[in-house]
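**Student:** Next come a sequence and a model predicted from it.
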Amino acid sequence: MARKELIQIRRDPRSLFIALIMPVMQMAMLGYGVSLDAKHIPLYVYDQEGSQESQALLKRFQASEYFDLVKTVDNYRELTAAVDSDRSKLAVVIPFDFSERLRDANQTNVQVIVDGTDDNTANLATDYARAVIGQFSVDFRTEWLRRQGLPVGGGGTVSIEPRTWFNEDLESRNFIIPGIVALVMALVGALLTSLTISREWERGTMEQLISTPITSQEVMFGKLIPYFAIGLVDAAMCVAIGVWWFDVPFRGTLTSLFATTSLFLIVILGIGFMISVAIKSQLGASQIALLVTLLPTMMLSGFAFPIDQMPPVIRAITYVVYSRYYVTILKAIFLKGVGVRALLAPVMAMAIYAVVIGWMATHAFKKTLD
Amino acid sequence: MAGQDTTASVRVESLVKKFGKFTAVDRVSFATAPGEIFGFLGPNGAGKSTTIRILCGLLRPTSGKAVVAGFDVARQAEEVRQNIGYMSQKFSLYNTLKVVENLRFFAGMYSVPRDLADARIREAIAMAGLAGHEHDLTATLAGGWKQRLALGCSILHRPKVLFLDEPTSGVDPISRRQFWDLIHEMAGGGVTVFVSTHYMDEAEYCNRLALMNRGALVALGTPNELKRHLMKGALLLAKCEPLGPALEVLQHNPAVVDAAVFGEALHVTVEDAAAATTSLPGYLAEHGVKCTRLEPIPPSLEDVFVQLTGRRIRAGEVTAS
């Protein structure tokens, strides 16, 4: 049974694609796409003053890796046109009296125009800009005060909002890659297995199969063993891409990785199998599989949105989302390098899931047509 | 084998299968002997496939009893499966596997011992006439070859009873003929072959026939018995012009029991063939129908079926009666 399944997977370009190419594509797409950092934000500047001070501020923007100074313009029209046409995400206007006001210590007024269509980038861009300007004004005032022979720290400093800590060195990527591994496993595992039984129903081969003395447990193991192996290969591929391509640290051990991944695979394959048994069309089965695996993993596992920041009701729901535990475990294995023992609670939760789903799956398949 | 009934390979007693309110199989009873070719004849939806699926343990009977190779299909489905071969209506081998891989797979599914499997696979290939094509992908085989391969797969474990659900639908006549040679060969070896069909010529090859209509068994017997005993009166072939009015006119004649369209002619059942052949041409001419040919013919199974049910087997349409 398992051998037949492997031959079939090998001869089915679609399965092969899902099994081997999709994880790589997912890793690449999500690894680059779901970065929560914004870098190289295209910047337009309208420097109305053109003083030494305003140039110094511009240099600060140029030095920052978060901004790419695209163009310096000399009128508002060109500036707004750039923002409108998406050539610029952030535009900075330095006023005529910039240097004067800076020395006055009252207020530095720099106008920042932000393209708010992409909420996330807009927020980040504003924060980065505020940080750059804030730092500049602090440095400037310190320097100025010292030159005046006044004590540093006196007088009215520019108020800066303290929340502008940003990911200095791609931190969000380190955080996200382990989550993507979980996502890829959930997607590939559930999708492939959900198709396996329903395909046999659709092609009529299932009727032939269940007329033989094979037991339903044999059908299940025969179906799932190849996908289990593929799942482990995919996990290894994802981790390799994460470590060598995206430079994510891997501080844990491979043993703990594969042990926990195996548990997760049992859950995912079990769910995929049950869907496949219940829904006899390939299309329906794959739709449902995506719905029950991809969506919760994406939204509720703490992969993209931190669980602590969710409303209490949603937070409570995440406790039943199996991938939550796997994401927690993966992040810990990748970044903290802790072993299975330190992760006892989530590993236990996963194990319970594996047992329950595994038991349900073994009883899901019945060898009758009605 | 324990519990084996030596007199009947399949015994069915008032079998009923309901899908919700719809009764697919309605109190069907019969028994078959080892080595018998038992045909199920009837239009689509007559309950042939459902009955076969019940006998294979794929569907649970709503009520009644069915014993196959000595085992009760409802309670001992696994034992039944070890003793039967089944070919479903839809071609159901793996198209992405090679010929020999399909055979190996089903040898494994039927738990054929390894030391026997290779020899039996070779036999199956020879029987199906697939020598030289062992490593072809199943998808590339022609219809008749696929059917023979499917048959080969279903007999690897040497079943006592073989269920073939419309095995030759969509297969060319020569391949059908070859397929039936195989069926006869197998029956000669003591296997009970259960076959459903809606081809009349195939029905003639069966030892015994069960005519099914709307879930019920309407007649049971050898093809000759059915034709001889069930036909009331004699059958005439009438070639008339125009056909439609001829049918209507004939149905109103008191000497005519029944008339139905068969192809381009009419089959007319009458009580007395000799009297009718002399009286009917004149009667038809009176009503403006020209009769070019009127002669007695031997009844076919289709005639029997039409007379019993008022329905055609192939098309399933109701004829006037």
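**Tutor:** Done, it's in.

**Student:** Tell me how many other residues crowd B:Ala285.
**Tutor:** B:Ala285 has 11 neighbouring residues, counting by other C-beta atoms under 10 Å in any protein chain shown. Every residue, glycine included, has its C-beta placed from N, CA and C.

**Student:** buried stuff in whichever strand or helix holds it?
**Tutor:** Element membership of B:Ala285, judged by DSSP states H and E, is helix B:273-286. Buried residues in helix B:273-286, counted by 16 or more other C-beta atoms under 10 Å in any protein chain shown: B:Ala273, B:Ala276, B:Thr277, B:Leu280, B:Pro281, B:Tyr283, B:Leu284.

**Student:** does the residue in the stretch 251-370 of chain A positioned nearest to chain B sit in a helix, a strand or a coil?
**Tutor:** The nearest approach of the stretch 251-370 of chain A to chain B comes at A:Leu369, 4.8 Å away (C-beta to the nearest C-beta). Reduced to three states with DSSP: H, G, I helix; E, B strand; the rest coil, the structure at A:Leu369 is coil.

**Student:** So what does the residue lying closest to it once chain neighbours are set aside look like in phi/psi?
**Tutor:** Leaving aside its sequence neighbours, A:Leu369 sits nearest to B:Leu58 (C-beta to C-beta, 6 or more residues apart in numbering or on different chains; 4.8 Å). Phi and psi for B:Leu58, reported as degrees, to the nearest 10, are phi -90, psi -30.

**Student:** circling back to that earlier point, and the next helix or strand past the helix holding B:Ala285?
**Tutor:** strand B:290-296.

**Student:** quick check: domain ranges of chain B?
**Tutor:** Per the record, chain B has its domains at B:10-226, B:232-298, by automatic domain parsing.

**Student:** Determine which stretch of those is the most buried.
**Tutor:** Of all the domains of chain B, domain B:10-226 has the most neighbours on average by mean count of other C-beta atoms under 10 Å in any protein chain shown, namely a mean of 19.

**Student:** Can you read off the pLDDT for the residue of chain A positioned farthest from its centre?
**Tutor:** Largest separation from the mean C-alpha position in chain A: A:Gly149, at 50.7 Å (C-alpha atoms, centre = their mean). Note for A:Gly149: predicted pLDDT of 72.

**Student:** Surely it forms part of a helix?
**Tutor:** No: with three-state DSSP as the criterion, A:Gly149 is located in coil rather than a helix.

**Student:** Around chain B, which positions in the stretch 101-250 of chain A sit nearby?
**Tutor:** Contacts of the stretch 101-250 of chain A with chain B, taken as C-beta under 8 Å from any C-beta of the partner chain, map to A:203-215.

**Student:** Quick one: mean pLDDT over the host helix or strand of B:Leu247.
**Tutor:** Element membership of B:Leu247, judged by DSSP H and E, is helix B:243-251. Averaged across helix B:243-251, pLDDT comes to 89.

**Student:** The helix or strand following that helix to helix B:243-251, inter-axis angle?
**Tutor:** Counting by DSSP H and E, the next helix or strand C-terminal to helix B:243-251 is strand B:256-262. Angle of strand B:256-262 versus helix B:243-251, following axes from the mean of the first three to the mean of the last three C-alpha atoms, to 10 degrees, is 160 degrees.

**Student:** which residues does the closest residue to B:Ala273 other than its chain neighbours bridge with?
**Tutor:** Leaving aside its sequence neighbours, B:Ala273 sits nearest to B:Ala234 (C-beta to C-beta, 6+ apart; 3.8 Å). Beta-bridge pairing of B:Ala234 under DSSP bridges involves B:Val270.

**Student:** mind listing what the residue of the stretch 251-370 of chain A closest to chain B touches?
**Tutor:** By C-beta atoms under 8 Å, 6 or more residues apart in numbering or on different chains, the contact set of A:Leu369 is A:Glu207, A:Ile210, B:Arg53, B:Leu58, B:Leu59.

**Student:** For the residue nearest to A:Leu369, give its distance to B:Asp165.
**Tutor:** 11 Å (C-beta to C-beta, to the nearest Å).

**Student:** Flag the shaky bits of the stretch 101-250 of chain A, pLDDT-wise.
**Tutor:** Low-confidence segments of the stretch 101-250 of chain A (pLDDT under 70): A:104-108, A:118-120, A:150-172.

**Student:** quick one: the strands in it?
**Tutor:** Assigned by DSSP state E, counting those that start in this stretch, the stretch 101-250 of chain A shows strands spanning A:111-114.

**Student:** likewise chain B?
**Tutor:** Along chain B, the segments classed as strands by DSSP state E run B:10-19, B:22-32, B:37-41, B:63-68, B:71-72, B:84-87, B:161-165, B:192-197, B:208-213, B:216-221, B:234-241, B:256-262, B:265-270, B:290-296.

**Student:** Taking their axis directions, the second one and strand B:63-68 sit at what angle?
**Tutor:** Interaxial angle, strand B:22-32 versus strand B:63-68 (the same axes, to 10 degrees): 40 degrees.

**Student:** Can strand B:22-32 be said to contact chain A?
**Tutor:** No: for strand B:22-32, no contact with chain A is found by C-beta under 8 Å from any C-beta; the gap never falls below 10.6 Å.

**Student:** Pull the contacting residues for B:Leu130.
**Tutor:** Counting by C-beta under 8 Å, 6+ apart, B:Leu130 touches B:Val99, B:Leu141, B:Trp145, B:Arg148, B:Leu149, B:Gly152.

**Student:** switch to 6 Å and redo it
**Tutor:** B:Val99 (C-beta atoms under 6 Å, 6 or more residues apart in numbering or on different chains).

**Student:** Now do it, the pLDDT please.
**Tutor:** The model's pLDDT for B:Leu130 equals 90.

**Student:** Okay, buried residues for stretch A:191-211 please.
**Tutor:** A:191-201, A:203, A:205-211.

**Student:** still on that earlier bit, and the strands of chain B, which one's lowest on average pLDDT?
**Tutor:** Averaging pLDDT over each of the strands of chain B puts strand B:256-262 lowest, since it has a mean of 86.

**Student:** Report the inter-axis angle for that strand versus strand B:234-241.
**Tutor:** Computed with the same axes, to 10 degrees, the direction of strand B:256-262 lies at 60 degrees from that of strand B:234-241.

**Student:** who are the neighbours of strand B:256-262, in terms of helices and strands?
**Tutor:** If you count contacts as 3 or more C-beta pairs under 6 Å, 6 or more residues apart in numbering or on different chains; DSSP states H and E, strand B:256-262 packs onto helix B:243-251, strand B:265-270.

**Student:** what sits up against that strand?
**Tutor:** B:232-233, B:247, B:250-251, B:266-270, B:306, B:319, B:321.

**Student:** residue contacts, the residue farthest from the centre of chain A?
**Tutor:** By C-beta under 6 Å, 6+ apart, A:Gly149 has no neighbours at all.

**Student:** which element is A:Met298 on?
**Tutor:** helix A:295-300.

**Student:** Give me the contact list for that helix.
**Tutor:** When contacts are defined by C-beta under 6 Å, 6+ apart, helix A:295-300 is touched by residues A:Ala182, A:Leu183, A:Ala186, A:Thr318, A:Val321, A:Ser323.

**Student:** For the last one, grab phi and psi.
**Tutor:** The one in question is A:Ser323. Residue torsions, per degrees, to the nearest 10, at A:Ser323 are phi -70, psi -20.

**Student:** List the residues that contact it.
**Tutor:** Residues in contact with A:Ser323 (C-beta under 6 Å, 6+ apart) are A:Ala182, A:Ala186, A:Thr297, A:Ser301.

**Student:** what about the residue of chain B positioned farthest from its centre, distance to B:His252?
**Tutor:** In terms of distance from the mean C-alpha position of chain B, B:Glu286 ranks first, at 42.7 Å (C-alpha atoms, centre = their mean). Using C-beta to C-beta, one gets 12 Å for the distance from B:Glu286 to B:His252.

**Student:** what residues are shared contacts of the two?
**Tutor:** Common neighbours of B:Glu286 and B:His252 (C-beta under 6 Å, 6+ apart) do not exist.

**Student:** Centre of the chain to stretch B:53-68, how far?
**Tutor:** 18 Å (C-alpha atoms, centre = their mean, to the nearest Å).
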